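> Build me a model from this:
(one chain, ligands or ions: 2)
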Amino acid sequence: MKKALQLESISKWLPTASKPIIISGPCSAETEEQTIATAKQLAATGKVHALRAGIWKPRTRPGQYEGSGAEGLKWLIQAKKETGLPVTTEVANAAHVDACLKAGVDILWVGARTTVNPFSVQEVADALKGVDIPVMVKNPINPDLELWIGALERLNKAGITKMAAIHRGFSAFEKGPFRNAPMWDMAIELKTRIPELDIICDPSHIAGNRELISFISQKALDLDMVGLMIETHINPDAAWSDAKQQVTPAVLSKIIDGLVVRSVSSDNKIFKDTLSILRDEIDHLDDEIMSKLAARMKISEKIGQYKKENGVTILQVSRWEEIIQTRVQLGKAMGLSPDFTSDLLKLIHQESIQIQTKVMNKTEARV
Ligand code: PEP
Ligand code: MN
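Ligands and ions are numbered 1, 2, ... in the order given. Sure, this is the predicted structure:
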């Protein structure tokens, strides 16, 4: 068993009067005006505890806005002066770390594209040796829990104890409704492995759009995540990066108001985590049931074709009786009620007959 991480709770290094902890601000610091105006509107809501803004932006393709660079750090520090909010930004290498430390950035975060690369994480960790600054670590873009933990360990070994993890979803080959699949069980597994590690959810990068932010935020809170990092912009549609997922500070305020913050006893937390694991299991089983049913229907279709070629009727009563009898018995032995099994079989049989009828009545194209 590996030694657990030495951690200080987020309540120590980012104490807040309200829950959940809200970290918000633009995807990118674009101009001084935009950075400061966003910060002021956020501070005015009274619901935001730290200001975020990307200074160096890791873009998938070249030619997109790659951030203001160190110049933007001045805007961030000015925004801090004007609002009193602590500020945080992403660092991906030693030069970023040095610039942030010089400028007086309060909290750093390691981005998803950096967490995947142990060389980069080590470089950041080495640059932070002997420095007492909080660092948040986003999950790697690929769903690899070991990489996520590995990054936390590298920073912890360098002496960083004020840490939190940020769950921002995972890149998936099959595009679902999310920009980055949440894969909640990865975050739950992280919490199970390192219970004292605080996790913050980043619904903006999970959703990739504005509409799903509330839903994801609520789910994160229900899984006992302590905070949310949500991207905001004074004019989201005109944002230079991640325009689709940014909301105005006013909309953020409404999102926060709509959240139900449940006071989570540790029993309750285990209940939520367990429920989510069980629901995942149900989802997997349902997938299996659906694919088995689809496979069964394909075979029905083949049988229909075969019966047609041999001039045999679709329905053979004796076969149907045999199916009902054997399956109901089998179901009973497995703890399923006879009524349920026979109702289910009737539905399946109906569909199977319909498929075979279609095959039977299909006129073959003449050659
Ligand atoms: C960001 O927070 O703007 C960002 C680039 O995030 P991620 O590393 O999660 O893609
Ligand atoms: Mn972004």
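
> residues from this protein in reach of ligand 1?
Listed as neighbours of ligand 1 in the chain under the rule C-beta under 6 Å from any ligand atom: C27, G54, P58, G111, A112, R113, K138, R168, H205. Backbone N, C-alpha and C define where each C-beta goes, glycine included.

> Top of those by number of neighbours, please.
Within the residues of the chain next to ligand 1, neighbour counts (other C-beta atoms under 10 Å) peak at H205, which reaches 26 neighbours.

> does that one count as helix, strand or coil?
Per DSSP: H, G, I helix; E, B strand; the rest coil, the local secondary structure of H205 is helix.

> Give me the distance between it and S171.
Here H205 is placed at a distance of 10 Å from S171 (C-beta to C-beta, to the nearest Å).

> now L51
27 Å.

> Of the two, which one has the most company?
L51 (29 against 15).

> For the residue in the chain positioned nearest to ligand 1, which non-adjacent residue is closest in space?
Residue of the chain nearest ligand 1, by C-beta to the nearest ligand atom: G111 (3.1 Å). Nearest residue to G111 in three dimensions, chain neighbours excluded: E90, at 4.6 Å (C-beta to C-beta, 6 or more residues apart in numbering).

> how many neighbours does the one you found have?
If you count neighbours by other C-beta under 10 Å, E90 ends up with 23.

> same thing with H96?
H96 has 24 nearby residues by other C-beta under 10 Å.

> in what helix or strand does it lie?
helix 94-103 (DSSP states H and E).

> And that helix, what does it pack against?
Applying 3 or more C-beta pairs under 8 Å, 6 or more residues apart in numbering; DSSP states H and E, one finds that helix 94-103 makes contact with helix 71-83, helix 118-127.

> what would those helices look like in a markdown table with mean pLDDT and distance to I188?
Formatted as a markdown table, these follow (pLDDT from 0 to 100; distance: least, C-beta to C-beta, whole Å):
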| stretch | mean pLDDT | distance to I188 |
| --- | --- | --- |
| helix 71-83 | 98 | 33 |
| helix 118-127 | 98 | 23 |
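
> Looking at those, which is nearest to L336?
The closest of the helices and strands packed on helix 94-103 to L336 is helix 118-127. By C-beta to C-beta, the value is 49.5 Å.

> just how off-centre is that closest one within its chain?
25 Å (C-alpha atoms, centre = their mean, to the nearest Å).

> Same check on stretch 354-367?
Using C-alpha atoms, centre = their mean, the offset of stretch 354-367 from its chain centre is 46 Å.

> Output it as CSV, nothing but the C-alphas.
Output in CSV follows, covering the C-alpha atoms of stretch 354-367 (Å, rounded to 0.1, in the frame of the first residue of the first chain):
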residue,chain,number,x,y,z
GLN,A,354,-43.5,-9.1,-36.4
ILE,A,355,-39.9,-9.3,-37.8
GLN,A,356,-40.6,-12.7,-39.3
THR,A,357,-43.8,-11.5,-40.8
LYS,A,358,-42.0,-8.7,-42.5
VAL,A,359,-39.4,-11.2,-43.9
MET,A,360,-42.1,-13.6,-45.1
ASN,A,361,-44.0,-10.9,-47.0
LYS,A,362,-41.1,-9.2,-48.5
THR,A,363,-41.2,-9.6,-52.3
GLU,A,364,-37.7,-10.5,-53.6
ALA,A,365,-36.3,-8.2,-56.2
ARG,A,366,-36.4,-9.9,-59.6
VAL,A,367,-33.0,-10.7,-61.1
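
> got the buried residues for that stretch?
Within stretch 354-367, the residues that count as buried by 16 or more other C-beta atoms under 10 Å are I355, Q356, V359.

> Ok, stretch 77-92 next?
Neighbour-count burial for stretch 77-92 [16+ other C-beta under 10 Å]: A79, K80, T83, L85, P86, V87, T88, T89, E90, V91, A92.

> Considering those residues, which is situated nearest to ligand 2?
Among these, E90 lies closest to ligand 2 (C-beta to the ion), at 9.2 Å.

> Tell me the residues of the stretch 151-300 of the chain that contact ligand 2?
Contacts of the stretch 151-300 of the chain with ligand 2, taken as C-beta under 5 Å from the ion, map to D242.

> Please, where are all the helices along the stretch 151-300 of the chain?
Here the stretch 151-300 of the chain has its helices, by DSSP state H, counting those that start in this stretch, at 184-193, 203-207, 213-222, 249-258, 266-309.

> ok so, going back, farthest-separated two in the buried residues of stretch 77-92?
Checking the buried residues of stretch 77-92 with C-beta to C-beta, the most distant pair is T83 and A92, at 25.8 Å.

> any weak-confidence spans in the stretch 151-300 of the chain?
For the stretch 151-300 of the chain, residues meeting the criterion pLDDT under 70 lie at 263-267.
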